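Participant: Attaching a predicted model along with its sequence, questions to come.
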Amino acid sequence: QVQLVESGGGLVQAGGSLRLSCTASGRTFSSHAMGWFRQAAGQERDFVGGISWTGHNTYYADSVKGRFTISRDNAKNTVYLQMNSLRPEDTAVYYCAASGPRLDVPLTRYGYSTWGQGTQVTVSS
């Protein structure tokens, strides 16, 4: 059974940093674009960023550009989201997701078929 598992969430003060990890099991996702999304309470699930299956191309929402960085280690079947200069408005449940094989990075949730269970990130002011 294919599974994505996020980890690394937690409580951090504004201005701090966290690194989220998303590890795939059951199947390799080395040929899949991967995305990170977040969903605040009562809000839609929004695109945070994505990385191509080669790792050469990354895309970010304007709200996180310059603060968040996505990377991947295909040998470890893991994708990372490094979050710096965190703000209270970054508080949300963060999800990773995998798209179909060898596709460009989808910029909406409709382009992703496999999702993790999410990890909570809380940024205090």
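Facilitator: Great, that's in hand.
Participant: Low-confidence bits of the chain, can you list those?
Facilitator: Regions of the chain meeting the criterion pLDDT under 70 cover residues 1.
Participant: which residue ends up closest to the midpoint of the protein in space?
Facilitator: Here the mean C-alpha position of the chain is nearest to the C-alpha of Trp36 (CA atoms, centre = their mean), at a distance of 2.4 Å.
Participant: For Gly66, see how far away the nearest residue to it once chain neighbours are set aside is.
Facilitator: Distances taken as CB to CB, 6 or more residues apart in numbering place Val48 nearest to Trp36, at 4.3 Å, with adjacent residues excluded. Placement of C-beta: from N, CA and C, glycine included. Using CB to CB, to the nearest Å, we find Val48 at a distance of 13 Å from Gly66.
Participant: Please identify which of the two sits among more neighbours.
Facilitator: Between Val48 and Gly66, counting by other CB atoms under 10 Å, Val48 is the more crowded of the two (24 against 9).
Participant: what kind of secondary structure is the more buried one in?
Facilitator: strand (DSSP: H, G, I helix; E, B strand; the rest coil).
Participant: Is it correct that it is in contact with Asp62?
Facilitator: No. Using CB atoms under 8 Å, Val48 makes no contact with Asp62, being 10.8 Å away.
Participant: one step back: can you pull the contacts of the residue nearest to the centre of the chain?
Facilitator: 20, 22, 47-50, 70, 79, 81, 94-97 (CB atoms under 8 Å, 6 or more residues apart in numbering).
Participant: buried residues in stretch 74-89?
Facilitator: Neighbour counts over stretch 74-89 (16 or more other CB atoms under 10 Å) mark 74, 77-81, 83, 86 as buried.
Participant: Can you list the strands that the longest strand seen in the chain pairs with?
Facilitator: When the chain is scanned for its longest strand (criterion: DSSP state E), the result is strand 92-101. Strand 92-101 has its sheet partners listed here by DSSP bridges as strand 32-39 (antiparallel), strand 112-115 (antiparallel), strand 119-124 (antiparallel).
Participant: Right, I'll call it a day here.
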